[in-house]
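**Student:** this one's sequence-less:
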């Protein structure tokens with residue numbers, strides 16, 4: 001019973017771990033300072049995207065390659081729980097978050113607000129699209145990967161994308177729901193419009209339109225707040241380092257390696273060796289026939305069986321001979337009866 005329980009717990013833990021650490025759907029991401037005409041190509045396995053935007057009067061370009069199979073896997077997923085969509089995005093766009101971290105290291109003069117504004121400026125550059133126009137549904141919340149591939153979305157989609165990036169950067173954020181709109185709030189030493197929830201001050205961040213920095217509240221949004229949903233910070237770790245690669249020195253002559261065959265190409269065959277004449281075969285020497293051990297074993301078995309049979313029959317035969325031949329003489333003596341009564345001539349004694 002305890003063994004079965006342990007197995008169930010192990011399997012459950014594995015499934016939970018496998019679901020919690022989703023695979024990064026972005027196989028390649030690069031942020032370039034300036035504007036570049038380079039475009040990642042589309043293949044049967046990947047989708048290429050290029051995004052251009054301005055920050056502090058300087059252009060930036062994001063080059064991205066997205067795994068097509070991972071993108072297609074979102075078609076049947078649940079879309080109701082927004083925090084769950086944010087957490088999924090944090091793990092599947094980890095390469096984009098790490099690229100933001102690389103840019104921040106190159107611009108050490110940026111303060112915390114500059115870093116958050118840089119992320120906001122990237123997402124705000126994506127065009128605003130209505131769900132009923134792009135998907136045919138009134139409310140269709142997109143995962144972060146879907147928003148990147150579609151190249152835009154409504155306030156829910158861009159908020160989920162920004163929240164996924166900021167969570168990966170370790171920022172403490174919260175979802176802010178206002179009538180007919182959703183935005184994100186970031187906790188920190190900022191200035192501008194903010195609200196306090198459970199003792200934490202969150203500064204308003206708009207994800208639609210352009211030019212909105214931390215603490216800037218559009219007049220169209222209003223100040224009525226319907227709900228606040230805090231998001232726990234969870235920073236994305238650094239990219240895994242590649243395994244150590246050793247290359248031969250020019251003096252060495254490495255042995256050529258024949259690659260494994262793939263379905264797309266036939267296997268590479270090594271160069272055939274020159275054919276040498278075969279020596280004439282020597283006549284085979286006659287070998288003495290091997291002694292059949294099975295016959296010897298069967299003979300021994302028959303002898304032993306015969307002995308057991310003879311012994312088994314001899315014991316009852318000997319008993320019968322003894323009983324009816326030798327024992328009869330003794331029985332005759334037992335049949336003689338002796339009359340010890342004294343002889344008498346008196347007839348009355350009889």
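**Tutor:** Cool, the structure landed. Being a predicted model, the structure only gives us computed values, none of them experimental.
**Student:** now do stretch 73-91: distance from first to last residue.
**Tutor:** Stretch 73-91 has an end-to-end distance of 15 Å (criterion: C-alpha to C-alpha, to the nearest Å).
**Student:** buried residues in that stretch, which are they?
**Tutor:** Buried residues in stretch 73-91, counted by 16 or more other C-beta atoms under 10 Å: 73, 74, 79, 82, 85, 86, 87, 88, 89, 90, 91. C-beta coordinates here come from the backbone N, C-alpha and C atoms, glycine included.
**Student:** nearest residue to the fifth one other than its sequence neighbours?
**Tutor:** What that stands for is residue 85. In space, not counting the residues next to it along the chain, residue 85 is nearest to residue 160; the distance is 5.1 Å by C-beta to C-beta, 6 or more residues apart in numbering.
**Student:** so that neighbour, which state does it fall into?
**Tutor:** Following DSSP: H, G, I helix; E, B strand; the rest coil, we place residue 160 in the helix state.
**Student:** just checking, it touches residue 142?
**Tutor:** Yes - under the criterion of C-beta atoms under 8 Å, residue 160 makes contact with residue 142 at 7.0 Å.
**Student:** those two: who's more crowded?
**Tutor:** residue 160 (29 against 26; other C-beta atoms under 10 Å).
**Student:** what sits against the more buried one?
**Tutor:** With contact taken as C-beta atoms under 8 Å, 6 or more residues apart in numbering, residue 160 is in contact with 82, 85, 86, 89, 141, 142, 143, 144, 147.
**Student:** number of nearby residues for the last one?
**Tutor:** If I follow you right, that is residue 147. Counted with other C-beta under 10 Å, the neighbours of residue 147 add up to 26.
**Student:** now residue 99
**Tutor:** By other C-beta under 10 Å, 20 other residues sit near residue 99.
**Student:** buried set for whichever strand or helix holds residue 203?
**Tutor:** Secondary structure from DSSP states H and E places residue 203 in strand 200-205. If you call a residue buried by 16+ other C-beta under 10 Å, then strand 200-205 has these buried ones: 202, 203, 204, 205.
**Student:** remind me what that strand packs against, helices and strands.
**Tutor:** With contacts defined as 3 or more C-beta pairs under 8 Å, 6 or more residues apart in numbering; DSSP states H and E, strand 200-205 has these neighbours: strand 173-178, strand 181-187, strand 194-197.
**Student:** report the mean per-residue pLDDT for that strand.
**Tutor:** The average of the pLDDT scores along strand 200-205 is 96.
**Student:** check stretch 177-185 too.
**Tutor:** When pLDDT is averaged over stretch 177-185, the result is 93.
**Student:** any idea how far apart the tips of that stretch sit?
**Tutor:** 10 Å.
**Student:** stretch 175-190 now?
**Tutor:** End-to-end distance for stretch 175-190, by C-alpha to C-alpha: 17 Å.
**Student:** quick revisit: so for the residue nearest to residue 85, what's the pLDDT?
**Tutor:** We have a pLDDT of 96 for residue 160.
**Student:** repeat that for residue 228.
**Tutor:** On pLDDT, residue 228 comes in at 94.
**Student:** now do the SS call for it.
**Tutor:** The local conformation at residue 228, judged by three-state DSSP, is strand.
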